[in-house]
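Asker: Sharing a sequence plus its predicted fold:
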Amino acid sequence: MKTTTIVAVIGVLALLLIAACQPVTVQQQPPAPEKKQVTVSSTSELTEKADKVQIYLGVETTAPDAATSQRNNAQIADAIVTAIKAAGLSDTEISTAGFNVYPRQEWDPKTQTSVLKGYTTSNTVQIDTTKIELAGAILDAAAKAGANQVNSVQFSLSKDKQDALKKQALGKAAADAKSKAEAIAEGLGAKLGSLASVSESNTYFPPIYARGFESMMALKADAAPAALPPISASDVSVTATISVVYNIE
């Protein structure tokens with residue numbers, strides 16, 4: 001009985017050893033077909049009338065001491081704010097963009113040294129409004145109130161208009177990109193397949209700066225304000241660029 005069991009075990013081991021020695025065949029998968037794709041980009045530009053204006057204006061005052069310079073500046077700045085409010089602006093459309101007090105030095109050629117000539121206070125008021133029709137009246141009122149600086153007048157689009165124009169520009173760029181991809185595929189004797197990927201490269205709203213206000217700068221307190229040029233809303237453009245990848249068949 002024991003002999004029979006031992007023989008059976010030896011037989012099983014022999015079969016296992018023979019099976020282990022048999023060559024193993026590995027089923028190799030065929031290589032995946034290479035994807036054929038075409039990559040194109042498109043830029044579209046749309047133009048819209050500006051509905052927002054941003055004005056930076058201010059006043060500079062110089063006095064023998066810093067306290068007097070600041071006090072004189074504050075009086076004129078208050079008068080400017082009061083005047084532009086009377087022109088039709090609210091508190092939320094007016095803010096302080098910059099304030100600085102610094103010593104004014106002049107070079108004395110006789111002593112070959114810098115001589116203190118007083119202190120200058122600079123105060124810049126920022127106006128941000130959609131009331132473009134008031135731009136001329138605002139500048140006129142500010143000049144009459146004592147403003148002697150106009151740093152910039154720039155036209156742009158409000159957030160709502162930007163969003164709407166951006167969607168239109170992106171849609172136009174996407175349609176143009178697809179048209180390009182179809183033309184390329186047709187030229188290659190292929191057929192345009194599914195969309196593989198798309199990315200937005202850039203959307204840009206460059207502001208438009210109005211010119212011709214430099215004559216207002218450095219006005220004397222007792223001088224009549226310079227004649228202001230007419231102001232009207234300018235066209236603002238939006239540029240959108242996208243890149244797309246299509247499969248081709």
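Answerer: Received, thanks.
Asker: Find the nearest non-adjacent residue to Lys166, please.
Answerer: Once flanking residues are discounted, Lys166 sits nearest to Thr203: 5.4 Å by Cβ to Cβ, 6 or more residues apart in numbering. For the C-beta atoms, the positions are set from N, CA and C on the backbone; glycine is no exception.
Asker: which secondary structure element contains the one you found?
Answerer: Following DSSP states H and E, one finds Thr203 within strand 192-204.
Asker: Contacts for the helix or strand following that strand next, please.
Answerer: Downstream of strand 192-204, the first helix or strand assigned by DSSP H and E is strand 208-209. Contact with strand 208-209 is made by 50, 152-156, 234-236, as judged by Cβ atoms under 8 Å, 6 or more residues apart in numbering.
Asker: May I see the buried residues of stretch 139-150?
Answerer: Across stretch 139-150, burial judged by 16 or more other Cβ atoms under 10 Å covers 139-143, 145-150.
Asker: Could you pull up the mean pLDDT of it?
Answerer: Here stretch 139-150 scores 91 as its mean pLDDT.
Asker: Straight-line length of that stretch, end to end?
Answerer: Chord length of stretch 139-150, first to last residue, is 8 Å (Cα to Cα, to the nearest Å).
Asker: would you say Asp176 is within a helix?
Answerer: Yes. Looking at Asp176 with DSSP: H, G, I helix; E, B strand; the rest coil, it is inside a helix.
Asker: what are the ranges of the strands in the chain?
Answerer: 37-49, 52-63, 94-108, 113-129, 149-156, 192-204, 208-209, 235-248 (DSSP state E).
Asker: For Ala175, find the nearest of the ones you listed.
Answerer: strand 37-49 (8.3 Å; Cβ to Cβ).
Asker: Which elements pack onto the closest one?
Answerer: helix 159-187, strand 192-204, strand 235-248 (3 or more Cβ pairs under 8 Å, 6 or more residues apart in numbering; DSSP states H and E).
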